[in-house]
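K.L.:
Below is the structure, and that's it, no one-letter string:
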């Protein structure tokens, strides 16, 4: 009886340890005001990444930048093509995205459904994008279609011209990419994306859109 009791306790403690380990982020880069953290993904050799920074723009400006899908190749790391496939609402869209991979690895593409929500009182915005396993977009020759991807943007208003940005993504690139190579990308991709975002939010295009839509001064 005692043996079964302690075995049960051991199993519970092991399960708790697994949950805690999955929730622990490890900082792998901290420069230019950008922190990059990674953690193991449950049931995978590939890491999940999180990038955290503060940009010098209002939260409304950052939202307008993220909504501008056609501009993603200008600032999202390694993105070479992006377009809206279908628009349900302004914050609920199907998006096609292609990512350039280093030679000799094939480029990757994905179709995601991106959905956003805002809490005006707390000054927070969350946008979640998930890969579709089935899509009307046919596969392209020489390009590997990703069907396992979950990404998140979390924005928090700090001030009229300050927004905290948290960028999280877990993705399986598919194919025969070594885990070490994929995990190296996890360290660099969020940093490069956020450093580019810091510049993009300075563009008058997004500031003008924010002023017009939200009646800002």
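P.N.:
That came through fine. Given the structure is predicted, the values throughout are model-derived calculations rather than measurements.

K.L.:
residues in contact with residue 57?
P.N.:
Neighbour list for residue 57: 161-163, 201-202, 206-207 [criterion: Cβ atoms under 8 Å, 6 or more residues apart in numbering]. Just so you know, the C-beta spots here come from the backbone N, C-alpha and C atoms, and that holds for glycine as well.

K.L.:
Now the buried members of these.
P.N.:
The neighbour count (16 or more other Cβ atoms under 10 Å) marks 163, 201, 206-207 as buried among the contacts of residue 57.

K.L.:
would you list the residues you listed in CSV and tack on secondary structure, pLDDT and distance to residue 52?
P.N.:
Output for these, formatted as CSV (DSSP: H, G, I helix; E, B strand; the rest coil; pLDDT from 0 to 100; distance: Cβ to Cβ, whole Å):
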residue, secondary structure, pLDDT, distance to residue 52
163, strand, 98, 12
201, coil, 98, 16
206, helix, 97, 21
207, helix, 97, 23
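
K.L.:
got any ranges where this structure has weak pLDDT?
P.N.:
Residues of the chain that meet the criterion pLDDT under 70 lie in 1-23, 43-44, 120, 177-186.

K.L.:
And the helices in it, which stretches?
P.N.:
Counting by DSSP state H, the chain has these helices, from start to end: 2-23, 59-67, 179-200, 204-214.

K.L.:
Now do the last one against helix 59-67, angle only.
P.N.:
Angle between the axes of helix 204-214 and helix 59-67 is 120 degrees (criterion: axes from the mean of the first three to the mean of the last three Cα atoms, to 10 degrees).
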